[in-house]
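Engineer: here you go, sequence then predicted model.
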Amino acid sequence: MRRSLIGRTWPNVIALVLFVFFIFPVYWMVITAFKEQKDIVSRTPVFLPLDATLDHFSTAVNAPKFWTYVTNSFTVTIVAVLISLVIATLASFAIARMRFRGRKAFVLVVMAAQMAPWEVMTIAVYLISRDSEMLNSLVPLTAFYMMMVLPFTIWTLRSFIAAVPKELEESAMVDGCTRTQAFVKVIFPLLAPGLMSTSLFGFITAWNEFPLVLILNKTEGQTLPLWLSSFQTNFGTDWGATMAASTLFALPVLILFVFLQRKAVGGLTDGAVKG
């Protein structure tokens, strides 16, 4: 009896410890954003401040070019994700449904591109951007971010398309649909979970990217990751504003995750009951 109780308890204890270990930095970031300056620099850690303040959020939002950074980040991220989804959907359909020469080689290239570190392309991207006079522009950033998320998107959507029975597509074509119409009306609606997961991955990847924008866009076209580094000066780091900025920076990803998670689960349950 005791062994059975211990066997059921220790996995929960380990899960709780891991949860606290991973969630504590997030809690500390958010709680520090609301602390007064004296609590932030206090030698004694303040885990729950009694006097909360919004001054650090005001400092972060009123930083120079804040709304320009916001616009640039959303522009490059959304455009890169949308382009990668369109290309990856067509490419993954071709890989999963069609037989052509070089198909296996193409799949291997996609896998290799996914495993390769993108930092090795930084010099090449910089030289191309410089020679084409596109430094300090959002175009190279958008193209590079699209290339970053494209291999993963192709690989993931390929698995979803391959899992859809061919008979569904063939039945639609027997009923008079063209191959394109069968894809749009039958296969594409079933890709919702895959589109949600790849969109979230692409958004997080492009949203958080820092090294390339630091190299390519030193004066114009900067994004929010550079805004986060602006609170560190020669006189020290404004930790309150930094934590407030980090909290604001994480909000779009959190909102997108909650929204896409609900949509994906809703799509799966709707498909199950409509059969």
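Structural biologist: Thanks, I have it. Numbering: from 1, shown residues only.
Engineer: all contacts plus neighbour counts: C-alpha atoms, from now on.
Structural biologist: Fine.
Engineer: and Arg101, backbone torsions?
Structural biologist: Main-chain torsions, Arg101, degrees, to the nearest 10: phi -70, psi 130.
Engineer: what of Thr237?
Structural biologist: phi -110, psi 130.
Engineer: I figured it hits Leu228, correct?
Structural biologist: No: in this structure, Thr237 is not within contact of Leu228 by CA atoms under 8 Å, at 11.0 Å.
Engineer: ok, the two, which is more surrounded?
Structural biologist: Applying other CA atoms under 10 Å to Thr237 and Leu228 shows that Leu228 carries more neighbours, namely 17 against 13.
Engineer: which residues sit against the helix or strand Val107 falls within?
Structural biologist: Element membership for Val107, per DSSP states H and E: helix 103-115. The contact list for helix 103-115, computed with CA atoms under 8 Å, 6 or more residues apart in numbering, reads Ile95, Met148, Pro151, Phe152, Ile154, Trp155.
Engineer: repeat for stretch 12-24
Structural biologist: By CA under 8 Å, 6+ apart, no residue outside stretch 12-24 reaches it.
Engineer: so where's this protein shaky on pLDDT?
Structural biologist: Applying pLDDT under 70 to the chain flags residues 1-7, 262-275.
Engineer: give me the residue at the spatial middle of it.
Structural biologist: Of all residues in the chain, the one closest to the mean position by CA atoms, centre = their mean is Ile204, 1.7 Å from it.
Engineer: give me every residue that touches that residue.
Structural biologist: For Ile204, the contact set (CA under 8 Å, 6+ apart) comprises Val253.
Engineer: can you check Lys185 too?
Structural biologist: Applying CA under 8 Å, 6+ apart, no residues contact Lys185.
Engineer: identify each buried residue in the helix or strand following the helix holding Val107, please.
Structural biologist: Downstream of helix 103-115, the next assigned helix or strand under DSSP H and E is helix 122-131. Within helix 122-131, the residues that qualify as buried are Val125, Tyr126, Ser129, counting by 16 or more other CA atoms under 10 Å.
Engineer: so the last one makes contact with Pro140?
Structural biologist: Yes: with contact defined as CA under 8 Å, Ser129 reaches Pro140; the gap is 6.6 Å.
Engineer: for Ala143, helix, strand, or coil?
Structural biologist: helix (DSSP: H, G, I helix; E, B strand; the rest coil).
Engineer: give me phi/psi at the closest residue in space to it that isn't next to it in sequence?
Structural biologist: Excluding the flanking residues, the one nearest Ala143 by CA to CA, 6 or more residues apart in numbering is Ala80, at 6.8 Å. Main-chain torsions, Ala80, degrees, to the nearest 10: phi -60, psi -40.
Engineer: check contacts around Ala80.
Structural biologist: By CA under 8 Å, 6+ apart, the residues touching Ala80 are Thr142, Ala143, Tyr145, Met146, Ala206.
Engineer: same question for Val81.
Structural biologist: Per CA under 8 Å, 6+ apart, neighbours of Val81: Met146, Val149, Ser199, Gly202, Phe203.
Engineer: distance from the strand or helix carrying it to the middle of the chain?
Structural biologist: Counting by DSSP H and E, the element that carries Val81 is helix 66-97. Taking the mean of its C-alpha atoms, helix 66-97 sits 11 Å from the chain's own mean (CA atoms, centre = their mean, to the nearest Å).
Engineer: tell me which residues of that helix come out buried.
Structural biologist: Buried residues in helix 66-97, counted by 16+ other CA under 10 Å: 69-70, 72-74, 76-81, 83-85, 88-89, 91-93, 95-96.
Engineer: and which of the contacts of Val81 is nearest Gly221?
Structural biologist: Using CA to CA, Met146 is the member of those that lies nearest Gly221, at 16.8 Å.
Engineer: the closest one: how many residues sit nearby?
Structural biologist: Met146 has 25 nearby residues by other CA under 10 Å.
Engineer: buried residues in stretch 242-250?
Structural biologist: Buried residues in stretch 242-250 (16+ other CA under 10 Å): Thr242, Met243, Ala244, Ala245, Ser246, Thr247, Leu248, Phe249.
Engineer: still on that earlier bit, need the contacts of Ala80 in JSON lines (columns: distance to Lys65).
Structural biologist: Converted to JSON lines, these look like this (distance: CA to CA, whole Å):
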{"residue": "Thr142", "distance to Lys65": "20"}
{"residue": "Ala143", "distance to Lys65": "23"}
{"residue": "Tyr145", "distance to Lys65": "22"}
{"residue": "Met146", "distance to Lys65": "25"}
{"residue": "Ala206", "distance to Lys65": "20"}
